[in-house]
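Provided below are the primary sequence and the corresponding predicted coordinates.
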Amino acid sequence: MLQRAPLDPVEAAYLAVAVIIAGARRRFPVSALGGSAVLAFLYPLSTGEHLLAWCLLQICLLSFAIIKPRNQAIVATVSVGVILLINSGLWLQMPVVDPMSLALVAWTAAAGGVGSAVHSQRGYVQALEGQAQRAEATRRAIVERELVEERLRIARELHDVMAHHIAAINVHAGSAEANLASNQTSSLQSLQRIRSASGEALRELQAILKVLRTSDTVSGTAPPVPDSSQLDSLFNSFRALGLELQLSGGASPELPPGMPAAIDLALYRVLQEGLTNAHKHGDGKTVVDVRTGQEKITVRLVNKPATTRKRVRNADGQGFGLIGMEERVAAAGGQLRITPSPDQFVLEAVFPLGVHE
């Protein structure tokens, strides 16, 4: 049986160095493990104070395996096991198959295995946290994008609704003012048209505000939106403003049934905004050509600018009307082309059939 030797200053210094090395294991895991292994190899591991040094070596190995990847932990565990086997054979004269030698290897393997398991568990938890953070960031990005798209959609609706009706009110108000003294009947008709246009604007504005206050999924009803079935009413409203319309074929266009709602609404809004711009900036005449093919619907509006100044303003798109039209047509899968020139202003929208929301 091994006899316990009294602790001398050399052994005390040895243990002190081992404790210092073990204390630095988290900040310097590689250096701490290497220093502990060197101390274990250079000094016999016996009982008593030397058992403490052996425990500190195992602690350094455990910390190393927790911090470092698995492949490095395996190499470190095997290296420490070999060092302890050599140490036991060199200092204690024990064969490799001795139970104590095997116990040293088993404890070393356990320390490395536990450390690797903790490392894997921490990596798994960090991966889950990272995945959750990415999912939350993606969700927030989607919500923000939907909010921006909804604001743009509402802005387009407000512009399309108010621009047309305000233009009508402005024209009829001017007519009523001009004819108030000479032709009261004409002034009365203009005032009636102002009341009709303002009432229609209020109804459409209330429909948009209702969307802002309630959720369609909760109420179960969608806000009313215009479509191509109301083109005759749209054309007549501009004729009442004094705009001379020339329709292709001499009548309202015949559109295919069952068009996607996005194309139906976009087609109506393009005609509404295009005619509003033609009335505001044109010479009072507009040609509307709507052609339906097997694969696409083409909407074309042609008018002559009233003045060069107004033409340039419309062509440069200083307002939001042309921008809104371009966004609507793109959302419906189509393309918008605007061709200004000194002689005429051409607006053309092409919608491919079969594009659904």
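Received, thanks. Numbers count the residues shown, from 1 in each chain.

Which other helices and strands does the helix or strand harbouring residue 189 contact?
Of the helices and strands defined by DSSP states H and E, residue 189 is found in helix 184-213. Using 3 or more C-beta pairs under 8 Å, 6 or more residues apart in numbering; DSSP states H and E as the contact definition, the elements that helix 184-213 packs against are helix 99-179. Every C-beta, even on glycine, is put in place using the N, C-alpha and C of the backbone.

Mind checking the pLDDT average for the helix it packs on?
The predicted model gives helix 99-179 an average pLDDT of 79.

cool, and stretch 18-25?
Averaging the model's pLDDT scores along stretch 18-25 yields 77.

then that stretch to PDB, C-alphas only?
The C-alpha coordinates for stretch 18-25 follow below in PDB (Å, rounded to 0.1, in the frame of the first residue of the first chain):
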ATOM      1  CA  ALA A  18      -2.100  23.600 -10.200                       C
ATOM      2  CA  VAL A  19      -4.800  25.600  -8.500                       C
ATOM      3  CA  ILE A  20      -3.700  28.800 -10.300                       C
ATOM      4  CA  ILE A  21      -3.800  27.000 -13.600                       C
ATOM      5  CA  ALA A  22      -7.200  25.500 -12.900                       C
ATOM      6  CA  GLY A  23      -8.500  29.000 -12.000                       C
ATOM      7  CA  ALA A  24      -7.600  30.300 -15.400                       C
ATOM      8  CA  ARG A  25      -9.300  27.400 -17.300                       C
END
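
Make residue 1 into 536 and carry on from there
I'll keep to 536 as the first residue from here, and by that count the last item is stretch 553-560.

Which residues belonging to it are considered buried?
Along stretch 553-560, these residues count as buried under the neighbour rule (16 or more other C-beta atoms under 10 Å): 553, 556-557, 560.

Next: stretch 817-837.
Across stretch 817-837, burial judged by 16+ other C-beta under 10 Å covers 817, 821-823, 825, 832, 834-837.

Can you name the two of those that sit furthest apart?
Farthest pair in the buried residues of stretch 817-837 (C-beta to C-beta) is 817 and 832. Separation: 23.4 Å.

which one among the buried residues of stretch 553-560 gets closest to residue 737?
For the buried residues of stretch 553-560, the residue nearest residue 737 by C-beta to C-beta is residue 560; the value is 76.5 Å.

Are we agreed that that closest one is in a helix?
No: under DSSP: H, G, I helix; E, B strand; the rest coil, residue 560 sits outside any helix and is assigned coil.

Tell me the buried residues in the helix holding residue 724?
Neighbour counts using 16+ other C-beta under 10 Å place 722, 724-725, 728-729, 731-732, 735-736, 739, 743, 746 of helix 719-748 among the buried residues.

cool, and stretch 793-805?
Judged by neighbour count using 16+ other C-beta under 10 Å, the buried positions of stretch 793-805 are 794-795, 797-805.

Also stretch 558-567?
With the criterion 16+ other C-beta under 10 Å, stretch 558-567 contains buried residues 560, 564, 567.

ok, back up a step: export the buried residues of helix 719-748 to TSV and tack on distance to residue 710 and pLDDT?
TSV is the format used below for those (distance: C-beta to C-beta, whole Å; pLDDT from 0 to 100):
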residue	distance to residue 710	pLDDT
722	7	76
724	8	75
725	4	75
728	9	74
729	9	79
731	14	75
732	12	73
735	18	72
736	18	73
739	23	71
743	28	67
746	34	62
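
circling back: got JSON lines for the buried residues of stretch 817-837, with secondary structure, distance to residue 771 and pLDDT too?
Listed next are the buried residues of stretch 817-837 as JSON lines, based on DSSP: H, G, I helix; E, B strand; the rest coil; distance: C-beta to C-beta, whole Å; pLDDT from 0 to 100:
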{"residue": "817", "secondary structure": "strand", "distance to residue 771": "18", "pLDDT": "83"}
{"residue": "821", "secondary structure": "strand", "distance to residue 771": "14", "pLDDT": "90"}
{"residue": "822", "secondary structure": "strand", "distance to residue 771": "17", "pLDDT": "90"}
{"residue": "823", "secondary structure": "strand", "distance to residue 771": "13", "pLDDT": "91"}
{"residue": "825", "secondary structure": "strand", "distance to residue 771": "16", "pLDDT": "88"}
{"residue": "832", "secondary structure": "strand", "distance to residue 771": "22", "pLDDT": "89"}
{"residue": "834", "secondary structure": "strand", "distance to residue 771": "18", "pLDDT": "91"}
{"residue": "835", "secondary structure": "strand", "distance to residue 771": "20", "pLDDT": "91"}
{"residue": "836", "secondary structure": "strand", "distance to residue 771": "17", "pLDDT": "91"}
{"residue": "837", "secondary structure": "strand", "distance to residue 771": "20", "pLDDT": "91"}
